[in-house]
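**Q** I need the structure of the sequence given here:
(chains A and B)
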Amino acid sequence: MRQTVDAKQLLRKTAFYLLVAAIVVFSVFPFYYAILTSFKSGSELFVVDYWPTSVQWANYISVFKGTAFGENILNSVMVSSAVVLVSLMLGLTAAFALARIDFRGRGLMLIAILSVSMFPQVAVLSGLFEVIRGLGLYNNLLGLVLAYLIFTLPFTVWVLTTFMKQMPKEVEEAAILDGASNLTIIFRVFLPMMWPALVTTGLLAFIAAWNEFLFALTFTLTDGQRTVPVAVALISGSSQHELPWGVIMAASVIVTVPLVALVLVFQRRIVSGLTAGAVKG
Amino acid sequence: MSQSSRQRQRARSAWLFLAPMICTLLLVAGWPLLRTIWFSFTDASLSDLNAAEFIGWGNYLYKEDGEWYGLLADAVWWKSVWNTLTFTLISVSLELVLGMIVALALNVNFAGRGLVRAAVLIPWAIPTIVSAKMWSWMLHDQFGILNDMLMGVGLISAPLAWTADADLSMVAVIMVDVWKTTPFMALLMLAALQMLPKDCYEAAKVDGIHPVRVFFRVTLPLIMPAVLVAVVFRALDALRIFDLIYVLTSNSEDTMSMSVFARQQLVDFQDVGYGSAASTALFLVIALLTLAYLYLGRKHMRVGD
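**A** Below you'll find the predicted structure:
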């Protein structure tokens, strides 16, 4: 009797760990295979291997040689950082008003902001194209910074509002008694307490901006102004039927490694940010 | 200063604090949206937007010599609508089921759970374009590892042209999307699972109720609100899908989504009027769903209170 119970439990445990192993393999395998491919060159590429056979850096060298890929990475870093800074600045003051001040139209405001975050990007494409060209920002990184605010700003405001609502009331009341102005309260009282929230929100906005494709593809024209997703999408071989898969995989790995590192380091924060952005809404 | 005047002052300063954010959103979202809707009633061309002339409903539907023309009579557009809806329905359902399984597994306390959770986040962190490229290499008809695997276990006898075959390309798109976004669903559901009260589970265990029954009778009803929010968010995202399809199957009509169709008209064919009409149609679909969601959400919240 005892033995059958143990056997049953063992079976159940094995099944559970098999499921977990399957989840891990399913999640990680494509990235692993991209790394594997990126170290292969020549005819090796066209033999399917499941384990590393050799490590060659040729693809990594040719990604940077004679292309604008280095510039593209720099572009992505600059655009994404600028978007994060602007979104956090505008989002912080807006979140203060939405979370701490009781005013008429607040509920409507929150709904309007949530609706903007659900806009299909293509629905503003022609209008935004006109705005960007009107401002002389076509094929200019600033144009992308402006365009990306359409999805980072509502998200930032929404998540920061959620976090700001959780700040203790007593701190704010004490500051008001001391005669602090609203700006002082935001930057001197709340800002130091909100660092974790700002890091989380900023990180999520950074990832969203880093990954954006439609606007980057449409609002830039020359190699030197492109961001990395567009650069990766447009890598082509000497002929249409001969894609340099090794180089494409090397570029993909370069673009992804910093993100994966960030996500792994900040995984707890990211999960809390994602849930603040979605579930609590 | 009296209490009420202080209150009024604070209300006024609220708008001051909101103003920069509101102005920015009007510039990048409000105004462009209005212009797009306006362009959809014109014959605007990308090369010269200023020369746009009002043509009424011409981009949507008009009749000439007994034949219907315009978006609503365009077979390719309807195909893109159908593709978008099929894609949304199938991929969100699969993500719901798989995400639930992953969330339930991660909710169990086991050694190495943190590592597994980190591994699950990886597909979410990879840019869509990059995952599309990674998968198009894995799905390569001659040298792809997926064909190799399937042939290895004897499921297929000859390599399949995943991204080129009319019947398979939608399968390929859904497969990649499910891989990429299941983690998001799983994490949202995991967050909901971890907020559940422990005591009713212990009671169920003492009473000897089967875990499957506990899941459907206790767990599922309790996390339903969170699941619904996750599904709505994913569905709205899936309806506007662009990058994955654009890179994985380029301009193939077999998988073309509404966003891909609209951008092709706008940019590749320079037909801003027609493309804007397609964009406006997509916006209307999503706006209606958003409104329905907000309405239901409000109702739900009131019940919850």
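
**Q** tell me the SS of the nearest residue to B:Q7 once chain neighbours are set aside?
**A** Distance criterion CB to CB, 6 or more residues apart in numbering or on different chains; nearest residue to B:Q7, sequence neighbours excluded, is A:D102 at 7.8 Å. No exception for glycine: its C-beta is placed from N, CA and C like everyone else's. Secondary structure for A:D102, judged by DSSP: H, G, I helix; E, B strand; the rest coil, is coil.

**Q** Isn't A:D102 up against B:A11?
**A** Yes: the pair formed by A:D102 and B:A11 meets the contact definition of CB atoms under 8 Å, at 7.4 Å.

**Q** And those two? Which one has more around it.
**A** Neighbour count, other CB atoms under 10 Å in any protein chain shown: between A:D102 and B:A11, B:A11 has more, with 16 against 9.

**Q** Now for the more buried one, which secondary structure element holds it?
**A** helix B:3-25 (DSSP states H and E).

**Q** Following the chain onward from that helix, which element is next?
**A** Per DSSP H and E, the first helix or strand lying C-terminal to helix B:3-25 is helix B:31-39.

**Q** Tell me the buried residues in that following helix?
**A** By 16 or more other CB atoms under 10 Å in any protein chain shown, the buried positions in helix B:31-39 come out as B:31-33, B:35-39.

**Q** try stretch A:229-237
**A** A:229-233, A:235.

**Q** Please list which of those also come close to chain B.
**A** Contacts with chain B within the buried residues of stretch A:229-237, as defined by CB under 8 Å from any CB of the partner chain: A:229-230, A:232-233.

**Q** Which of these sits closest to B:I223?
**A** Of all these, the one with the least separation from B:I223 (CB to CB) is A:P229, at 34.0 Å.

**Q** Can you find the residue of the stretch 1-150 of chain A that comes nearest to chain B?
**A** A:G127 (3.0 Å; CB to the nearest CB).

**Q** which secondary structure elements does the helix or strand containing that residue contact?
**A** According to DSSP H and E, A:G127 maps onto helix A:125-134. With contacts taken as 3 or more CB pairs under 8 Å, 6 or more residues apart in numbering or on different chains; DSSP states H and E, helix A:125-134 sits against helix A:141-165, helix A:214-219, helix B:31-39, helix B:272-304.

**Q** Compare those helices and give me the one nearest B:G58.
**A** B:G58 sits nearest to helix B:272-304 of all those, at 8.0 Å, using CB to CB.

**Q** quick one: that closest one to helix A:125-134, angle?
**A** Per axes from the mean of the first three to the mean of the last three CA atoms, to 10 degrees, the angle that helix B:272-304 makes with helix A:125-134 is 110 degrees.

**Q** If I take helix B:272-304 and helix B:31-39, what angle do their directions form?
**A** Using the same axes, to 10 degrees: helix B:272-304 against helix B:31-39 is 130 degrees.

**Q** Please state the mean pLDDT value computed over helix B:272-304.
**A** Computed over helix B:272-304, the mean pLDDT rounds to 80.

**Q** likewise stretch B:189-196?
**A** On average, stretch B:189-196 scores 87.

**Q** circling back to that earlier point, any chance of CSV for the helices and strands packed on helix A:125-134, columns distance to B:W78?
**A** As requested, the helices and strands packed on helix A:125-134 are exported to CSV (distance: least, CB to CB, whole Å):
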stretch, distance to B:W78
helix A:141-165, 28
helix A:214-219, 23
helix B:31-39, 21
helix B:272-304, 11
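
**Q** Out of those, which is closest to B:A235?
**A** helix B:272-304 (7.4 Å).

**Q** That closest one vs chain A: in contact?
**A** Yes: judged by CB under 8 Å from any CB, helix B:272-304 and chain A are in contact via B:272, B:275-276, B:279-280, B:282-283, B:286-287, B:290, B:294.

**Q** circling back to that earlier point, what's the farthest-apart pair in the buried residues of helix B:31-39?
**A** B:W31 and B:F39 (12.4 Å).

**Q** so what sits against both of the two?
**A** Residues touching both B:W31 and B:F39 (CB atoms under 8 Å, 6 or more residues apart in numbering or on different chains): A:G127.

**Q** What is the nearest of the ones next to chain B among the buried residues of stretch A:229-237 to A:S41?
**A** A:V232 (18.4 Å).

**Q** can I assume A:E44 is in contact with A:T53?
**A** Yes: using CB under 8 Å, A:E44 is in contact with A:T53, at 7.1 Å.

**Q** Compare neighbour counts for those two and give me the winner.
**A** More crowded of A:E44 and A:T53, by other CB under 10 Å: A:E44, with 14 against 11.

**Q** Please list all residues in contact with residue 17.
**A** No chain was given, so I picked chain A. B:F110.

**Q** Sorry, I should have been clearer: chain B.
**A** Contacts of B:F17 by CB under 8 Å, 6+ apart are A:93-94, A:96-97, A:101, A:182.

**Q** and chain B, which of those residues reach it?
**A** Checked against chain B using CB under 8 Å from any CB, the contacts of B:F17 yield the following neighbours: A:93-94, A:96-97, A:101, A:182.

**Q** neighbour-wise, which of those residues leads?
**A** Neighbour max across the ones next to chain B among the contacts of B:F17 (other CB under 10 Å) = A:A94, 29 neighbours.

**Q** Mind jotting down where the helices sit in chain A?
**A** A:2-38, A:58-64, A:69-100, A:106-116, A:125-134, A:141-165, A:169-177, A:182-184, A:191-193, A:195-211, A:214-219, A:228-234, A:245-265, A:267-277 (DSSP state H).

**Q** Using TSV, please lay out those helices together with distance to B:I101 and mean pLDDT.
**A** Formatted as TSV, the helices of chain A follow (distance: least, CB to CB, whole Å; pLDDT from 0 to 100):
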stretch	distance to B:I101	mean pLDDT
helix A:2-38	8	88
helix A:58-64	36	87
helix A:69-100	33	94
helix A:106-116	29	87
helix A:125-134	37	92
helix A:141-165	28	92
helix A:169-177	42	85
helix A:182-184	48	83
helix A:191-193	38	85
helix A:195-211	25	91
helix A:214-219	32	93
helix A:228-234	30	91
helix A:245-265	22	89
helix A:267-277	18	77
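
**Q** Out of those, the one nearest B:Q142 is which?
**A** The nearest among the helices of chain A, by CB to CB, is helix A:245-265 at 11.2 Å.

**Q** Quick one: list the elements packing against the closest one.
**A** helix A:2-38, helix A:58-64, helix A:69-100, helix A:195-211, helix A:228-234, helix B:113-125, helix B:128-138.

**Q** from the ones next to chain B among the buried residues of stretch A:229-237, which two are the most distant?
**A** Greatest spatial distance among these (CB to CB): A:V230 and A:V232, at 7.4 Å.

**Q** got any residues that touch both of the two?
**A** Common neighbours of A:V230 and A:V232 (CB under 8 Å, 6+ apart) are B:I129.

**Q** filter the residues of helix B:272-304 next to chain A to the buried ones?
**A** B:272, B:275-276, B:279-280, B:282-283, B:286-287, B:290.

**Q** just to revisit the earlier point, may I see the contacts of B:F17 arranged in TSV, with distance to A:L204 as well?
**A** Output for those, formatted as TSV (distance: CB to CB, whole Å):
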residue	distance to A:L204
A:T93	19
A:A94	17
A:F96	20
A:A97	22
A:I101	25
A:N182	26
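
**Q** Show me which residues of the stretch 151-300 of chain B are close to chain A?
**A** Checking the stretch 151-300 of chain B against chain A by CB under 8 Å from any CB, the hits are B:179, B:183-184, B:187-188, B:190-192, B:226, B:229-230, B:233, B:236, B:239-240, B:242-243, B:246-247, B:258-259, B:262-263, B:266-267, B:272, B:275-276, B:279-280, B:282-283, B:286-287, B:290, B:294.

**Q** Name the pair among the ones next to chain B among the contacts of B:F17 with the greatest separation in space.
**A** Most distant of these, by CB to CB, are A:A94 and A:N182, 12.6 Å apart.
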